[in-house]
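> Structure for the following, please:
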Amino acid sequence: MDKKMKRYPIGHVVGFLSSLLLTFVAAGIALRTSLSFHTIMLLIGGLALVQAALQLFMFMHVNEGEDRKTQVINIAYGLIVAVIIVAGSIWVMSFGHHH
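Down below sits the predicted model:
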C-alpha cells in the first residue's frame, strides 16, 4: 500500500461535517426565520449549490487527476442532464393534465 492509502481520510470527515452543517443551516432558515418565501428559497438554493460544489471536491475528487478537460466535460454533461430532467418534470407536472 502506498503512503496515501494509509493515512486517515480527514478530508472526507471535514466534507461530511460541512455538508451536515449546511443542511442544518438550510433547515434552520426554512423553519426558524420569518423571511419571505422567495428569500428562503433563494438562500436554500444557494446553500444547495455550495453543498454540491463541496461534495464534488471533497468526495468525488474533481480537483485530482491529470485530465481536467474530461472532468469539466463530464460535470457539464451532468448539469445539462439534470436541467433537462428537472425542466421536463416541471413541464409535465404543470401542463400534462391539459391533454
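> Okay, buried residues for the lengthiest helix in the chain please.
The longest helix of the chain (DSSP state H) is helix 68-95. Neighbour counts over helix 68-95 (16 or more other Cβ atoms under 10 Å) mark residue 71 as buried. In short, each C-beta sits where N, CA and C put it, glycine included.
> Give me the average confidence score over that helix.
Mean per-residue pLDDT for helix 68-95: 90.
> ok now it, how far from the chain's centre?
In terms of Cα atoms, centre = their mean, to the nearest Å, the centre of helix 68-95 is set 13 Å apart from its chain centre.
> contacts for stretch 36-51?
Stretch 36-51 is contacted by residues 18, 19, 22, 23, 25, 26, 29, 30, 33, 35 when judged by Cβ atoms under 8 Å, 6 or more residues apart in numbering.
> my read: the second one touches residue 54, true?
It stands for residue 19. Yes. Contact criterion Cβ atoms under 8 Å: residue 19 and residue 54 qualify, at 6.3 Å.
> buried stuff in the stretch of helix or strand residue 26 belongs to?
Counting by DSSP states H and E, the element that carries residue 26 is helix 10-32. Neighbour-count burial for helix 10-32 flags 15, 19, 22, 26, 29 (criterion: 16+ other Cβ under 10 Å).
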